[in-house]
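J.: Can you look at this prediction? I've put the sequence above it.
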Amino acid sequence: MNHAKRKPYHKIPGTRVFDSEMANKGYHLNQFAMSLLKPENREKFKADEAAYISEWPMSAEQKQAVCDRDYNKMLSLGGNIYFISKIFTTDGLSFQHAAAMMCGMTPDDYKKMMVNGGRSPEGNILSAAELYGDVT
Amino acid sequence: MARITAGVSTSHVPAIGASIDLGKTTEDYWQPLFAGYEYSKKWIQQNLPDVVVLVYNDHGTAFDMNMIPIFAIGCAAEFQPADEGWGPRPVPIVKGHQAMAAHIADNLIQDDFDITIVRKMDVDHGLTVPLSLMFGQPTQWPCLVIPLAVNVVLYPVPSGNRCYQLGKALRCAIESFDADLNVQVWGTGGMSHQLQGERVGLINQAFDRQFLDDLIADPETVAQIPLLRYINEAGSEGIEMVMWLVMRGALDDKVEVKHRFYHVPASNTAVGHLILENPGAL
């Protein structure tokens, strides 16, 4: 049994799997984002973002990623998408809009891609050999 | 004794809830999706359950990062629709069946499923969107609902087989509840979708259609799909499909397919929907 050391999901392109290691790293970032579920906290955040963020013991890098609304960076720093979604919801943006930001498309182009069947699996998923083998 | 008459599975995309709440269901974008639920709304009125055990996941709403139960059952008398950042959905309060929920919890634990018992829990779109899709916009939900939350947010999530076996244990628990009740088990979430990273928007129709075929006819094989395969082929959030296996495990090996629907997209997601009846139970 050697489950813990094997994390082949790191090889899947354009994807960050939120596991316990990421949860440790992102705890304060996610709890900060979670706090925005409360209307009074959303108001405080909108009134003075820097002051609100400074109340949370996040790393400087995490704080910067929040300020920059760099969602891929937040994900890399332990953010969970369902938690950090509270940030773009507070900004009044839809999930589709945030999705477009994450893949560097315009919201219109992204919406069109989805209406046309979504991002194709072709070239975007790994073969079993790539996933389970020693191919890196 | 209580009996399980049918299983329902459906995606639970939040934008579907918003579309219903804002009266947009007849717009060009949404009409084809809601057309797929017309049959379902009629079917459920003719087959009204007394209780739905609704398998869903919380999306960072009731459970924050301080506590993440892997399986949890709602044992309260009622559950409030949650504020997910834009105010609670304008839907009725969800009423539970406390005696049956407690009986299920007792039996699952004795069957080696150490389920977390939750007394206070707001329910998010994962639970309320399926209710809206099946029941429309009533002033109160026409049945009681027992929420059964599965962790699909923190990896590793329970395996497909674990969920399938939970469904079987759930069936034993329900069928030993001493009351003449018509019970349905609903499995929600999926189908293929990825909500994060540069690969956001991934949809895999071939995977989804195979999953629907096999879930109906060969669930034992579906139960063996490894978690990694869901993430790789159906997207990081496509892993929610393991929750459909709880529903399937609670049904007969051979089921009658009353309805099958598949549509791309709702927002970022492929929508799938099944109504399966237990032929012997009616």
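T.: Structure's in. What do you need? Numbers count the residues shown, from 1 in each chain, chains lettered A, B, ... in the order given.
J.: Might you list the low-confidence residue ranges for chain B?
T.: B:282 (pLDDT under 70).
J.: Grab the longest strand from it for me.
T.: Counting by DSSP state E, the longest strand found in chain B is strand B:256-266.
J.: what lines up beside that one in the sheet?
T.: Partners of strand B:256-266 in the sheet, by DSSP bridges, are strand B:269-277 (antiparallel).
J.: got the CA coordinates for the strand it pairs with in PDB?
T.: The C-alpha trace of strand B:269-277 is given here as PDB (Å, rounded to 0.1, in the frame of the first residue of the first chain):
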ATOM      1  CA  THR B 269     -21.800  21.400 -17.400                       C
ATOM      2  CA  ALA B 270     -23.300  18.400 -19.300                       C
ATOM      3  CA  VAL B 271     -26.700  17.700 -18.000                       C
ATOM      4  CA  GLY B 272     -27.900  14.100 -17.500                       C
ATOM      5  CA  HIS B 273     -31.100  12.800 -16.100                       C
ATOM      6  CA  LEU B 274     -32.600   9.300 -15.500                       C
ATOM      7  CA  ILE B 275     -35.800   8.000 -14.000                       C
ATOM      8  CA  LEU B 276     -35.600   4.300 -13.100                       C
ATOM      9  CA  GLU B 277     -38.300   2.300 -11.500                       C
END
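J.: Return the distance of it from the chain's centre.
T.: Relative to its parent chain, strand B:269-277 has a centroid offset of 10 Å by Cα atoms, centre = their mean, to the nearest Å.
J.: Output the contacting helices and strands for the biggest helix by length in chain A.
T.: Identified as the longest helix of chain A according to DSSP state H is helix A:20-35. Based on contacts counted as 3 or more Cβ pairs under 8 Å, 6 or more residues apart in numbering or on different chains; DSSP states H and E, the elements that helix A:20-35 packs against are helix A:60-68, helix A:81-90. Every residue, glycine included, has its C-beta placed from N, CA and C.
J.: That one: which residues count as buried?
T.: For helix A:20-35, burial by neighbour count (16 or more other Cβ atoms under 10 Å in any protein chain shown) applies to A:22-23, A:25-35.
J.: Neighbours of A:F95, how many?
T.: Neighbourhood size, A:F95 [other Cβ atoms under 10 Å in any protein chain shown]: 19.
J.: That one: what's it in contact with?
T.: Contacts for A:F95 were tallied using Cβ atoms under 8 Å, 6 or more residues apart in numbering or on different chains; they are A:S85, A:F88, B:P14, B:A15, B:L195, B:S267, B:N268.
J.: Once you drop chain neighbours, what's closest to the fourth one?
T.: Think B:A15. Distances taken as Cβ to Cβ, 6 or more residues apart in numbering or on different chains put B:S267 closest to B:A15, at 3.9 Å, once the chain neighbours are dropped.
J.: Identify the residue spatially nearest to residue 65, adjacent ones excluded.
T.: In the absence of a named chain, this looks at chain A. Computed as Cβ to Cβ, 6+ apart, the closest residue to A:A65 that is not its neighbour in sequence is A:K73, at 4.0 Å.
J.: I was thinking of chain B, sorry if that wasn't clear
T.: A:N30 (4.8 Å).
J.: So the nearest residue to A:T89 once chain neighbours are set aside: helix, strand or coil?
T.: Leaving aside its chain neighbours, A:T89 sits nearest to B:G85 (3.7 Å; criterion: Cβ to Cβ, 6+ apart). At B:G85 the chain is in coil, as set by DSSP: H, G, I helix; E, B strand; the rest coil.
J.: Could you double-check that B:G85 lies in contact with A:L37?
T.: Yes: using Cβ atoms under 8 Å, B:G85 is in contact with A:L37, at 5.9 Å.
J.: And for the helix or strand of chain A with the lowest mean pLDDT, what's in contact with it?
T.: Taking mean pLDDT, DSSP states H and E as the measure, chain A has helix A:128-132 as its least confident helix or strand, at a mean of 90. With Cβ under 8 Å, 6+ apart as the test, helix A:128-132 has contacts from A:P8, A:K11, A:I12, A:V135, B:L228, B:N232.
J.: Could you measure from the first one over to B:A217?
T.: A:P8 is 30 Å from B:A217, where distance means Cβ to Cβ, to the nearest Å.
J.: what about those two, which has more around it?
T.: Between A:P8 and B:A217, counting by other Cβ under 10 Å, A:P8 is the more crowded of the two (18 against 13).
J.: Go ahead and confirm the more buried one touches B:P226.
T.: No: using Cβ under 8 Å, A:P8 makes no contact with B:P226, being 10.5 Å away.
J.: and for these two, which residues touch both?
T.: Counting by Cβ under 8 Å, 6+ apart, A:P8 and B:P226 have no shared contacts at all.
J.: longest helix in chain B, by residue count?
T.: Chain B, longest helix under DSSP H: helix B:160-175.
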